[in-house]
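Asker: mind looking at a prediction? Sequence and model below.
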Amino acid sequence: MAKLLFVIGALVYLVGLWISCPLLSGKGYFLGVLMTATFGNYAYLRAEKLGQLDNFFTHICQLVALITIGLLFIGVLNAPINAYEMVIYPIAFFVCLFGQMRLFRSV
């Protein structure tokens, strides 16, 4: 189930925005936002699993998550998409991250 959430969320997010954004720079922007979020999520979960979490690392991961979410919402607001898509793509983004978290914790 976790793998399905991860894959479906990523596909809806990437394919939908790939079709909606006319410029290659916009496509790369949203791909970069997703990759940054998944890397930050992975780094935090891996450190948690290995028992290497400290306050500084936790704060850095939280800062990266907040910046990434801010960039996502700024990008979605400025993208040439309708209101329905402005809701669907952030939901797919968070479903992808939730699936990644569940997938990593199930292993």
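Answerer: Done, it's in. Because the structure is a prediction, the values reported are computed rather than measured.
Asker: okay, CA-based contacts and neighbour counts for the rest of this
Answerer: Noted.
Asker: give me the mean pLDDT for the longest helix belonging to the chain.
Answerer: For the chain, the helix reaching the highest residue count under DSSP state H is reported as helix 24-50. The pLDDT scores in helix 24-50 average 93.
Asker: who does whichever helix or strand residue 93 is part of touch, helix- and strand-wise?
Answerer: Element membership for residue 93, per DSSP states H and E: helix 83-106. In terms of contacts (3 or more C-alpha pairs under 8 Å, 6 or more residues apart in numbering; DSSP states H and E), helix 83-106 is packed against helix 2-20, helix 24-50, helix 55-78.
Asker: okay, those helices, which one's buried deepest?
Answerer: Among the helices and strands packed on helix 83-106, helix 2-20 has the highest mean neighbour count (mean count of other C-alpha atoms under 10 Å), at a mean of 18.
Asker: got the angle between that helix and helix 24-50?
Answerer: Taking axes from the mean of the first three to the mean of the last three C-alpha atoms, to 10 degrees, one finds helix 2-20 and helix 24-50 inclined to each other by 160 degrees.
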